[in-house]
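K.L.:
dropping a prediction and its sequence here:
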Amino acid sequence: MNAKMIHIEFEDDHLKFIFEQEKGKQHGDMHGPWHCLVLAFARYIFAFPECLQEGMPLFSGTNQYGRYSIRMHDLFSELNDDLYDLGINWEELGTHSARKGVGSMVANASTVGPPIVALCLRVRAGWKLGGVKDSVKQATQMSSAALLFLVERQVKTHSKTLGTRSRSRYYRQIMLCRSAYYYICQLFISVKDVR
Amino acid sequence: MKPQAYEVIAEHLFRSGEKRYIFNHLMFLLDWN
């Protein structure tokens, strides 16, 4: 969308198209032909030229996503040692791991949005929760419930002496505490890297 | 997914040269980008 003519130039025997901005800019300083989407598409066309025939689907066969998923799972297993060196358990990876969507955007440094666990379970309904994130999920539920219980008990205890304004302030504190707690959870998971 | 992991996987898919991985490489890059 933001491409300009200055982003297109000739270099040696090839045309160079510089993508100044990509979706999410997850890691924009990567180099190497294996990152080039255009090259990947060209290789696909040469490997499967039948897709160029009129009326043929771009990705032939049925259940393309299933095949992709199975092969990627095999690949993750094959790259087990390399991934282990990066601190990644290959069994936690899935085809969704490389995907960025609205859930990723919502989860980024948000203090007012839903917690990451809710995103994983509700918004995406398919993101895996590792051992650490399962603990956070339990802690989130327990702490949230405990926080609500404690503050409500305090309000009830002092309800006779508290005015309407004070009760509102207590309930506002509940919401602020919850937002802060969710923010800490998100930061914690971000450090551990959401896969 | 960590960018380093993406790098390893994308490079492996690209260099393998196997026909079945050419399709996966394209899908993988489409997902990432």
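P.N.:
In hand now; what should we look at? Numbering: from 1, shown residues only, chains lettered A, B, ... in the order given.
K.L.:
nearest the geometric middle of chain B, what residue?
P.N.:
The residue lying closest to the centre of chain B (C-alpha atoms, centre = their mean) is B:A10, at 3.0 Å.
K.L.:
in what helix or strand does that residue lie?
P.N.:
B:A10 is part of helix B:3-16, with elements assigned from DSSP states H and E.
K.L.:
tell me the mean pLDDT for that helix?
P.N.:
Averaged across helix B:3-16, the pLDDT comes to 85.
K.L.:
after it, which helix or strand is next?
P.N.:
From helix B:3-16, the next helix or strand downstream (DSSP H and E) is helix B:19-32.
K.L.:
I'd like to know which elements that following helix is packed against.
P.N.:
Contact here means 3 or more C-beta pairs under 8 Å, 6 or more residues apart in numbering or on different chains; DSSP states H and E; on that basis helix B:19-32 packs against helix A:37-47, helix A:64-78, helix B:3-16. To be clear about C-beta, it is placed using only N, CA and C from the backbone, and glycine gets the same treatment.
K.L.:
between that helix and helix A:37-47, how many degrees?
P.N.:
Here the directions of helix B:19-32 and helix A:37-47 differ by 150 degrees (axes from the mean of the first three to the mean of the last three C-alpha atoms, to 10 degrees).
K.L.:
which parts of helix B:19-32 are buried?
P.N.:
By neighbour count, with 16 or more other C-beta atoms under 10 Å in any protein chain shown as the criterion, the buried positions of helix B:19-32 are B:21-29, B:31-32.
K.L.:
how about stretch A:38-48?
P.N.:
Using 16+ other C-beta under 10 Å as the burial criterion, the residues of stretch A:38-48 that qualify are A:40, A:43-44, A:47-48.
K.L.:
re the thing from before, in the helix holding B:A10, what's buried?
P.N.:
Buried residues in helix B:3-16, counted by 16+ other C-beta under 10 Å: B:5-14.
K.L.:
between that helix and helix B:19-32, how big is the angle?
P.N.:
Going by the same axes, to 10 degrees, helix B:3-16 is angled at 150 degrees with respect to helix B:19-32.
K.L.:
give the other helices and strands that helix B:3-16 contacts.
P.N.:
For helix B:3-16, the packing partners by 3+ C-beta pairs under 8 Å, 6+ apart come out as helix A:64-78, helix A:80-85, helix B:19-32.
K.L.:
who touches the shortest one?
P.N.:
The one in question is helix A:80-85. A:76, A:89-90, A:93, B:5, B:8 (C-beta atoms under 8 Å, 6 or more residues apart in numbering or on different chains).
K.L.:
how does it look with 6 Å?
P.N.:
Outside helix A:80-85, the residues that touch it by C-beta atoms under 6 Å, 6 or more residues apart in numbering or on different chains are A:90, B:8.
K.L.:
remind me which helix or strand A:E9 belongs to.
P.N.:
strand A:8-11.
K.L.:
quick check: neighbours of that strand in the sheet, parallel or antiparallel?
P.N.:
strand A:14-17 (antiparallel) (DSSP bridges).
K.L.:
contact partners of the partner strand?
P.N.:
Surrounding strand A:14-17, the residues in contact under the criterion C-beta under 6 Å, 6+ apart are A:8-9.
K.L.:
got it, and stretch B:17-33?
P.N.:
Taking C-beta under 6 Å, 6+ apart as the criterion, the residues outside stretch B:17-33 that touch it are A:22, A:37, A:40-41, A:43-44, A:47, A:68, A:71, A:98-99, B:13-14.
K.L.:
okay if I get the helices and strands packed on helix B:19-32 as a markdown table plus distance to A:Y84?
P.N.:
Conversion of these to a markdown table gives the following (distance: least, C-beta to C-beta, whole Å):
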| stretch | distance to A:Y84 |
| --- | --- |
| helix A:37-47 | 26 |
| helix A:64-78 | 11 |
| helix B:3-16 | 11 |
